[in-house]
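Student: Just to be clear, the model below is a prediction. Sequence and coordinates:
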Amino acid sequence: LEALEREDLSRVKLLWLNYPHMPTGTPAQAAVFQQLIAFARRHQILLVNDNPYSFILNDQPLSILSQEGAMEVAIELNSMSKSFNMAGWRIGSLCGRADYLDTVLKFKSNMDSGMFKPAQLAAVQALQLEGDWFEQLNAVYQARKMKAVGLLRSIGCTVADGQVGMFVWAKVPQQYKDGYAFSDEWLYETHVFLTPGGIFGTQGDAYVRLSLCSSEAVLEEAQRRIGAHQKVLD
C-alpha cells in the first residue's frame, strides 16, 4: 500500500484482492483488511475481494465485509467451485451494498439470462450441508497437503507454514535460476510437473506451486518417480 500511495490514483476505480491468496496461500487477516478499507476510503476506490478458498484448510475464514466500514467501499465474491466441488458449474455469490450489486446485475442482465435450474437446485442442497461436510473435505485436502509438502521438501524446496487453500507454494533451491528452470528439470527427468511461480508474475519467479487437486495416489507416484531419480543421481 505504501508503494501504491506514491502512484497517481486519480483514475483508479477498483482494487482487486484475493484473500485467502492464490497462489501463495496467505490467509486473510483483519489488520490487512482494515488497512485496505482505510486506503479505499481515502482514494474513493472500490475493493473487490475474491474469496473462493475461504473454507479450504482454513480454520478461521474471514470476509472483508465483516470489518468496520467495509460495506462503504467493498464487495466480495465467493464460489461453490472450491468449497463444494462444483467446478465448472459456475455458481457463486456476490455480496455487498445494494447499489453496488445493482450495478453488477444491470450489466449481467445484458450478458446472460440465468442459469440451468437443476444446477441451482443442487447448489441449494449443498448450502444446507452441515459443518461435517467441510471436516470431511478438509481431511482429504490435509492428507494430500502432507504428501505434497513432503515431496517439495524432498527436492530442496522451502515451504512456509500456515498456508491455506488448495495449493502449496514453495521456494525453489538457490542454485536454480528460477522456478521455470526447476520445473523443467523435474518435468524432463521424471515427468512430474510443478507449476512455475513466474506465470503468476515476476514476484513468483523463485517459486513453484503444487496443486492439491491431485489424489494421494498421484502424489505418491510423483514422489516415487522423484525418489527413483534421486537414487540414480546418488
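Tutor: That came through fine. Numbering: from 1, shown residues only.
Student: Could you measure from the residue nearest to the spatial centre of the chain over to H43?
Tutor: Nearest to the geometric centre of the chain sits M22, at 2.9 Å (Cα atoms, centre = their mean). The gap separating M22 from H43 is 25 Å, by Cβ to Cβ, to the nearest Å. C-beta: built from backbone N, CA, C; applies to glycine.
Student: in stretch 57-73, what's buried?
Tutor: L57, N58, P61, L62, S63, I64, L65, Q67, A70, M71, V73 (16 or more other Cβ atoms under 10 Å).
Student: cool, stretch 38-49 as well?
Tutor: Under the neighbour-count criterion of 16+ other Cβ under 10 Å, stretch 38-49 has F39, A40, I45, L46, L47, V48, N49 buried.
Student: pretty sure L65 contacts V73?
Tutor: No - using Cβ atoms under 8 Å, L65 makes no contact with V73, being 10.4 Å away.
Student: Now do the lengthiest helix in the chain: distance to the chain's middle.
Tutor: The longest helix of the chain (DSSP state H) is helix 132-154. Relative to its chain's centre, helix 132-154 lies at 15 Å (Cα atoms, centre = their mean, to the nearest Å).
Student: From Q34, how far out is E221?
Tutor: Distance from E221 to Q34, by Cβ to Cβ: 45 Å.
Student: no no, A123
Tutor: A123 sits 32 Å away from Q34, going by Cβ to Cβ.
Student: ditto for F107
Tutor: 30 Å.
Student: more crowded one of the two?
Tutor: Set F107 next to Q34 and count neighbours by other Cβ atoms under 10 Å: Q34 wins out with 15 against 9.
Student: Who's the closest spatial neighbour of that one, skipping the chain neighbours?
Tutor: The shortest distance from Q34 to any non-neighbouring residue, by Cβ to Cβ, 6 or more residues apart in numbering, is to Q67 (5.8 Å).
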